[in-house]
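# Predicted structure and sequence below. I'll ask about it afterward.
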Amino acid sequence: MFKKTIIYTMLIICGLVMVVPFVWMIGVSLRSQLEINQGSSGFNPVVNYQSYMYDGNEYQVSIVMSKGDSTVINLINDKSKIVHSYLTVLTEDIKDVKKVKFHWTNYQEAFRKVPFNRYFLNTIFIALMVLFGVLITSALSAYAFARMHFFGKDFLFYFLISMMMVPEPIFIIPSYILLNKLGWINTYYALIIPWIANIFTIFLMRQHFKTIPQDLLDAAAIDGCSPFKILYSIILPLSKPIIATASVFSIIGSWNSFMWPLVMTNSPELRVLQVGLSYFSQEASSQTTLLMAASSFSILPLIVIFLFAQKSIIESYTSSGMKE
Amino acid sequence: MRKFLNKSRAWLYILPALFIIILFRFIPILGSFIISFFEWTITGPGKFIGIANYQRLINDPEFWKSLLNTFYLVIFVVPMTIVFSLFFATLLDNIKALKSFFRTVYFIPFVTSLVSLSIIWKIIFNQQTGLANTFLKYIGFKPLKWLAESKGIFILLFEPLGINLPNWAGGPSLALFAIIIVTVWRSIGYNVVIYLAGLQNISKSFYEAAELDGAGKAKQFFNITLPLISPTTYYVLMMTTITTFQVFSQVYLMTGPPIGGPDGSTKVIVYYIFEKGFELQDLSYASAIALVLFAIILCLTMLQKHFEKKHVHY
């Protein structure tokens, strides 16, 4: 029993280490920049501040100096801007306030400062096009690898594996030169076409296609099905789970890809979410609350997909990782 | 004709994927060799310069610095990832309730984009308002400069003891160590899952036999688990090494301005390739650096393959 307690404690600590940065991100994204700069940790949504009624409106107060009964103050509005400075007021009129307050406006402001909806649309469009391409090219070639005999099959197989092993930074410079020659720099082509063949997905599908009983395919062939029809109307419907897995991998990959779109595009209209976020982090580096708001909403879609499909995603990562 | 069609049908099915892979992988990879031997600008090839780029590389202190930083990254990230992942996977293997819950929680950072994570961690390491310093102050330590600190971690560690280490023994800068922390933190979830799958494949009868012979838990771990899990360890070692050599986003987003950290102490090799190639438009030199990186990764892979044959028990 004692041992179990230790194990669970350790696991919970590790879990906290994994989750706390995200919780903190949301916490900071809901505070005002002023509170953060004044040393609020970001976890506690209760704000302590002093307020003063002026012209029938309640303002937050920052004290410049106090001398006895009267205090010199600055009045600050909701947007952390000073609206009246160096007012001398009675100290007893300044009230201490405790309030739970969420600055949802950070989210609106982040969205207003940078066209994140454009970035979202770009990312979704590219992810879908890539997904579409990957599924078609992979299904076709996986079918050939799994079900056909042809000259050069083994060689081709090893060729593709070796291509898969080469890391992106190695081929990104010549790719840039090539895409420039094609006139594709700063176009959607540069972000879509080079990625519509995915070697990993080919192997994933090939592995699955091999498990479909040959008898089934033979029967279809005797009935006069062409090889393409066999793929289309027998193999693919039987491969829905693996197609789903491949799709999730592809979408996660497109959503998170950064270096390639950073290099291959430079016009703001073509920015994908990650590139837009990266530019935003350079422009607004001191506005931590806005940055956290932007991070929150760009992480959210993937975390939602992940939490819905976590079991199958984790399982496919496990099986695909260990198969080689 | 029909026979020809039948024979070449397979190639027709493979053609779309093959075309893309040859055009956008194979040709660029070959191309980078060629580019590195020419003066190459964005407008096209210039004159042939032979191995001048490689000579320049040998005499480029910035290149060696970035290589050293990358090695620091690998040397710290890989063992830390293996130890933490195996440790937490072993713990998870010993419980029943909430197992998949923990697995899911650990996995979240791995599916999150590195750009967002880097932004979050940059703010965590912020000197004034960051979580890291808030925590240090809370437990009674002095706040650190984190991403702005160019001093080596060993220097910082030994300073309070009155020992002044020379610079070469300083290890990675604290700024680079912050990047190491983030990289390890992100990779744990995936590797825990991989290890967990490996652990579940070890037959329980080994442990039962060891129990009968009176071996304690620690002994069981070192004499049964560790040898039997070695294929997984080999896989984790290889994958983590290869991916750590390619670290880019964390450096690009977390350090700076200027990017590359204080005194260039977080400039890793892929960032150096990016800087030379795309910020300074020196494409052929950047290609030469990329090829050196390629050679290193290839050598390490072969070394590890060799090592695997000798030491991995199945």
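Happy to help now that I have it. Predicted model, so just to flag it, every value in this text is computed and none were measured. Numbering: from 1, shown residues only, chains lettered A, B, ... in the order given.

# which residue packs closest to residue 268, ignoring adjacent ones?
Going with chain A. A:Pro115 (7.6 Å; CB to CB, 6 or more residues apart in numbering or on different chains). In this view, the C-beta of every residue, glycine as well, is placed from N, C-alpha and C.

# not what I meant, chain B
In this structure, B:Val268 finds its nearest non-sequential neighbour in B:Thr70, 4.7 Å apart by CB to CB, 6+ apart.

# Do you know the pLDDT at the one you found?
Predicted confidence (pLDDT) for B:Thr70: 96.

# For it, give its distance to chain A.
Distance of B:Thr70 to chain A, computed by CB to the nearest CB, to the nearest Å: 11 Å.

# Verify the contact between that residue and B:Tyr271 for me.
No: the pair B:Thr70 / B:Tyr271 is not scored as a contact, 9.3 Å apart, by CB atoms under 8 Å.

# Chain B contacts on the stretch 51-200 of chain A?
By CB under 8 Å from any CB of the partner chain, the residues of the stretch 51-200 of chain A that approach chain B are A:136-138, A:140-141, A:143-145, A:148-151, A:153, A:156, A:160, A:163, A:165-178, A:180, A:193-194, A:196-197, A:199.

# from these, which would you call buried?
Using 16 or more other CB atoms under 10 Å in any protein chain shown as the burial test, those include A:137-138, A:140-141, A:143-145, A:148, A:150, A:156, A:160, A:163, A:166-167, A:169-178, A:180, A:193-194, A:196-197, A:199 as buried.

# Can you tell me the centre-most residue of chain B?
Geometric centre of chain B, nearest residue: B:Thr244, 1.2 Å, by CA atoms, centre = their mean.

# what's near enough to touch that residue?
B:Thr244 makes contacts with B:Leu73, B:Val74, B:Val77, B:Val78, B:Thr183, as judged by CB atoms under 8 Å, 6 or more residues apart in numbering or on different chains.

# the domain parsing of chain A - what is it?
What the record gives for chain A is the domain set A:1-44, A:46-100, A:110-322, from automatic domain parsing.

# Show me what the mean pLDDT comes to for the shortest one.
Model confidence over domain A:1-44, given as mean pLDDT, is 87.

# just to revisit the earlier point, pretty sure the residue nearest to B:Val268 sits in a strand.
No: assigned with DSSP: H, G, I helix; E, B strand; the rest coil, B:Thr70 falls outside any strand and is helix.

# ok now the helix or strand harbouring the residue nearest to the centre of chain B, how far from the chain's centre?
Per DSSP states H and E: B:Thr244 is located in helix B:230-245. Taking the mean of its C-alpha atoms, helix B:230-245 sits 9 Å from the chain's own mean (CA atoms, centre = their mean, to the nearest Å).

# okay, it in CSV with CA atoms only?
In CSV, the C-alpha atoms belonging to helix B:230-245 read as follows (Å, rounded to 0.1, in the frame of the first residue of the first chain):
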residue,chain,number,x,y,z
SER,B,230,17.3,-3.0,-24.6
PRO,B,231,15.7,-3.2,-28.1
THR,B,232,13.3,-0.4,-27.1
THR,B,233,16.2,1.5,-25.5
TYR,B,234,18.1,1.2,-28.8
TYR,B,235,15.1,2.5,-30.7
VAL,B,236,14.6,5.4,-28.3
LEU,B,237,18.3,6.2,-28.3
MET,B,238,18.4,6.3,-32.1
MET,B,239,15.2,8.3,-32.6
THR,B,240,16.0,10.8,-29.9
THR,B,241,19.5,11.4,-31.1
ILE,B,242,18.4,12.0,-34.7
THR,B,243,15.6,14.4,-33.7
THR,B,244,17.8,16.2,-31.2
PHE,B,245,20.3,16.9,-33.9
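
# after it comes which helix or strand?
helix B:249-254.

# what's next to that following helix, contact-wise?
For helix B:249-254, contacts defined as CB under 8 Å, 6+ apart pick out A:258-259, A:278, A:281, B:114-115, B:117-119, B:121-122, B:125, B:147, B:178-179, B:182-183, B:259-261, B:266-268, B:271, B:274.

# How far away from the center of its chain is that helix?
On CA atoms, centre = their mean, the centre of helix B:249-254 falls 13 Å from the chain's centre.

# Quick check: mean pLDDT of that helix?
Averaged over helix B:249-254, pLDDT sits at 93.

# Which elements pack onto whichever helix or strand comes after that helix?
Past helix B:249-254, further along toward the C-terminus, the next helix or strand under DSSP H and E is helix B:269-274. Under the contact criterion of 3 or more CB pairs under 8 Å, 6 or more residues apart in numbering or on different chains; DSSP states H and E, helix B:269-274 touches helix A:168-181, helix B:61-93, helix B:249-254, helix B:283-311.

# Point out the most buried one among the ones you listed.
helix B:249-254 (a mean of 25; mean count of other CB atoms under 10 Å in any protein chain shown).

# got a list of what A:Met165 touches?
B:Thr301.

# One more pass at 7 Å, please.
Residues counted as contacts of A:Met165 (CB atoms under 7 Å, 6 or more residues apart in numbering or on different chains): none.

# A:Val275 now?
By CB under 7 Å, 6+ apart, the contact set of A:Val275 is A:Phe258, A:Pro261, A:Leu262.

# can I get those residues in a markdown table with pLDDT?
Below are those laid out as a markdown table (pLDDT from 0 to 100):
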| residue | pLDDT |
| --- | --- |
| A:Phe258 | 95 |
| A:Pro261 | 96 |
| A:Leu262 | 95 |
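
# Just the closest of the residues you listed to chain B, please.
Ranked by distance to chain B (CB to the nearest CB), the contacts of A:Val275 are led by A:Phe258 at 5.3 Å.

# Nearest residue to that closest one in space, please, no chain neighbours.
In space, A:Phe258 is closest to A:Gln274, 4.4 Å off (CB to CB, 6+ apart).

# Let me see the confidence value for that neighbour.
The model's pLDDT for A:Gln274 equals 95.

# how about it, phi and psi?
Torsion angles at A:Gln274 (phi, psi; degrees, to the nearest 10) stand at phi -70, psi -40.

# and it, how many neighbours?
26 (other CB atoms under 10 Å in any protein chain shown).

# Run through the residues that contact it.
Contacts for A:Gln274 (CB under 7 Å, 6+ apart) come out as A:Asn256, A:Ser257, A:Phe258, A:Pro261, B:Ser113, B:Val115.

# which stretches of the chain have low pLDDT?
The chain I'm using is chain A. A:79-80, A:320-324 (pLDDT under 70).

# Chain B is the one I meant
B:1-7, B:311-314.

# Spatially nearest residue to A:Tyr176 (excluding sequence neighbours)?
Using CB to CB, 6+ apart, the nearest residue to A:Tyr176 is A:Val263, at 5.9 Å.

# who's in contact with that neighbour?
Contacts for A:Val263 (CB under 7 Å, 6+ apart) come out as A:Ile172, A:Tyr176, B:Phe278.

# Name the helix or strand for it, please.
Taking DSSP H and E as the definition, A:Val263 sits inside helix A:259-264.

# pull the CA atoms of that helix into PDB?
The C-alpha trace of helix A:259-264 is given here as PDB (Å, rounded to 0.1, in the frame of the first residue of the first chain):
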ATOM      1  CA  MET A 259      10.600  25.500 -40.700                       C
ATOM      2  CA  TRP A 260       9.400  24.600 -44.200                       C
ATOM      3  CA  PRO A 261       6.600  27.300 -44.400                       C
ATOM      4  CA  LEU A 262       8.800  29.800 -42.600                       C
ATOM      5  CA  VAL A 263      11.400  29.400 -45.400                       C
ATOM      6  CA  MET A 264       9.200  28.900 -48.400                       C
END
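
# in the sheet, who's paired with B:Ser173?
B:Gly152 (DSSP bridges).

# Who are the contact partners of it?
Taking CB under 7 Å, 6+ apart, we find B:Ser173 in contact with B:Glu149, B:Ser150, B:Lys151, B:Gly152, B:Gly261, B:Pro262, B:Ser265, B:Thr266.

# Cool, thanks, signing off.
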